[in-house]
Structures are given as structure tokens and as C-alpha cells.
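Trainee: Sharing a model prediction with you, sequence too.
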Amino acid sequence: MSVSEDVLRSVHVAAKAAADKLADDIVAIDVTGRLPFADAFLIASADTDRQLRAIVSEIIDELAKVGVKSGTREGTEEARWVAFEAGGLFIHVFQAEDREFYGLERLWKDCPRIDISADIDVRAVGVGDLVSGDVAPSQV
């Protein structure tokens, strides 16, 4: 089995939303057939609790725009690791040290990755490049 088109669309929307809020190390994993509650995981990191909350909020807003409702969020109050489900996609946003400690990628290392490079490619151009004029804003 592979990830359904609906879940795959959600993966791409969520990955772009996370990148727009400057999430780090965004990874999508196909867990189809391995779990009864999800077809894919999206994992991302944030530097601070404030950024983590902003990433989660942006993902929820962008998924809602394409008709995908998100479930109850766990961990929002502490904002060290927030997890929630959205139509077959299970989203994990961590602060970096918690992500390393729990090691979800290690637990699911035998599952295929979903290519989200086009969704997060805007991260390849730094803000400093825009300010210095090395990259035109239309390239971002």
C-alpha cells in the first residue's frame, strides 16, 4: 500500500506551512499499513516554544483551507512536542532536544520517506540573500 492522494496532498500542504514558519529538519514518512491511525508522519523542529506554536497554528490553518480538519492537539501547553492528527496525517512538531531524545525517525527508519523537497525549498534561500540582493524576491 501507499499513501492515499488525499493524505499526500495534506503532507505537502503541512510541509510547506511548516517551512513558511521556518521549521527545521522537516521530514515526511510513509507509515501506511504500519499504524491503524495514520498513513504518514510529518516531523519538524522549532527553536523555541513560541515558534513551535506558530508552526502548529500555520499547519492547522493551511490544512483547514484545503478542507482537512485537525484533531485534538497534545502537548500545546508545554510546547516541547506537539502532536496531532489531520485526516490520516500525524504531525509531530518538536523542540530540537526533545526530537533528538525521542528519535521518531530512528523508530521508523525502515519506512519510506516522502519527498517534500519542493515544498520546503524556500528554506534554501536565506533572508540575508534577499537583503544583500543576491536573490530576487520572486525566486523565493
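Mentor: Thanks, I have the structure now. Residues are numbered from 1 along each chain as shown.
Trainee: Spatially nearest residue to Val95 (excluding sequence neighbours)?
Mentor: One correction, residue 95 is Gln, not Val. By the measure of C-beta to C-beta, 6 or more residues apart in numbering, the closest residue to Gln95 outside its immediate chain neighbours is Arg80, 5.2 Å from it. Yep, even glycine has a C-beta here, placed from its N, CA and C like the rest.
Trainee: What mean pLDDT does stretch 115-129 get?
Mentor: Stretch 115-129 shows an average pLDDT of 65 in the prediction.
Trainee: lowest-pLDDT helix or strand in this protein?
Mentor: Sorted by mean pLDDT, DSSP states H and E, the helices and strands of the chain end with helix 127-132, the least confident at a mean of 42.
Trainee: how about the strands in this protein?
Mentor: Defined through DSSP state E, the strands belonging to the chain, from first to last, are 24-30, 40-46, 81-86, 89-95.
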